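Chemist: Compute the structure for the input listed below.
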Amino acid sequence: MTRGHTITIEHGTRRVRVVHDGQVLAESDRPLVLRETGSPVRYYLPSEDVRLDLLTPSETHTHCPFKGTASYWSLPGAPDLVWAYPEPKPDVAEIKDHLCFYDVEEV
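Modeler: Coordinates of the predicted model:
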């Protein structure tokens with residue numbers, strides 16, 4: 001991490017769920033909670049807990065100097081709703097094989 005920028009990852013203790021237009025897209029008892037300077041708290045969910053069958057890979061890729069290159073997935077009418085870092089940087093290696101959504105609720 002660069003000076004003044006931190007990322008911490010911890011194992012969440014609460015069940016989380018992702019619902020979009022009334023459909024459950026993910027539900028997990030094993031979220032990783034990522035806290036990053038200047039960003040909202042994000043939940044990274046194991047891919048096994050995500051309805052990948054409902055998502056379509058997107059052409060979008062973004063680069064974060066701290067986490068690496070992200071790939072995205074979409075739903076009809078909801079482009080780039082989900083992202084993951086297939087090859088995360090070593091400092092955040094734990095998020096490999098985990099997906100992140102913009103809106104996650106604790107249940």
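
Chemist: to the chain's geometric centre, what's the distance from the helix or strand of the chain with the lowest mean pLDDT?
Modeler: When each helix and strand of the chain is scored by mean pLDDT, DSSP states H and E, strand 105-106 comes last, with a mean of 82. Relative to the chain's own centre, strand 105-106 is displaced by 14 Å; criterion: CA atoms, centre = their mean, to the nearest Å.

Chemist: Give the partner strands of it in its sheet and their orientations.
Modeler: Looking at strand 105-106 with DSSP bridges, its partner strands are strand 16-20 (antiparallel).

Chemist: buried set for the partner strand?
Modeler: Residues of strand 16-20 classed as buried: 16-18, 20 (neighbour count, 16 or more other CB atoms under 10 Å). Placement of C-beta: from N, CA and C, glycine included.

Chemist: Stretch 62-70 too?
Modeler: 64, 66-68, 70.

Chemist: which other residues reach stretch 57-65?
Modeler: With contact meaning CB atoms under 8 Å, 6 or more residues apart in numbering, stretch 57-65 is reached by 2, 69-74, 79-80, 83, 85.

Chemist: Looking at that stretch now, give me its mean pLDDT.
Modeler: Across stretch 57-65, pLDDT averages out at 97.

Chemist: how far does that stretch sit from the chain's center?
Modeler: On CA atoms, centre = their mean, the centre of stretch 57-65 falls 12 Å from that of its chain.

Chemist: Tell me which stretches of this protein form strands.
Modeler: Along the chain, the stretches classed as strands by DSSP state E are 7-11, 16-20, 23-28, 32-36, 42-46, 56-64, 68-75, 78-84, 98-101, 105-106.

Chemist: will you turn the ones you listed into JSON lines that also has distance to residue 90?
Modeler: Formatted as JSON lines, those follow (distance: least, CB to CB, whole Å):
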{"stretch": "strand 7-11", "distance to residue 90": "12"}
{"stretch": "strand 16-20", "distance to residue 90": "26"}
{"stretch": "strand 23-28", "distance to residue 90": "24"}
{"stretch": "strand 32-36", "distance to residue 90": "15"}
{"stretch": "strand 42-46", "distance to residue 90": "16"}
{"stretch": "strand 56-64", "distance to residue 90": "14"}
{"stretch": "strand 68-75", "distance to residue 90": "10"}
{"stretch": "strand 78-84", "distance to residue 90": "17"}
{"stretch": "strand 98-101", "distance to residue 90": "16"}
{"stretch": "strand 105-106", "distance to residue 90": "29"}
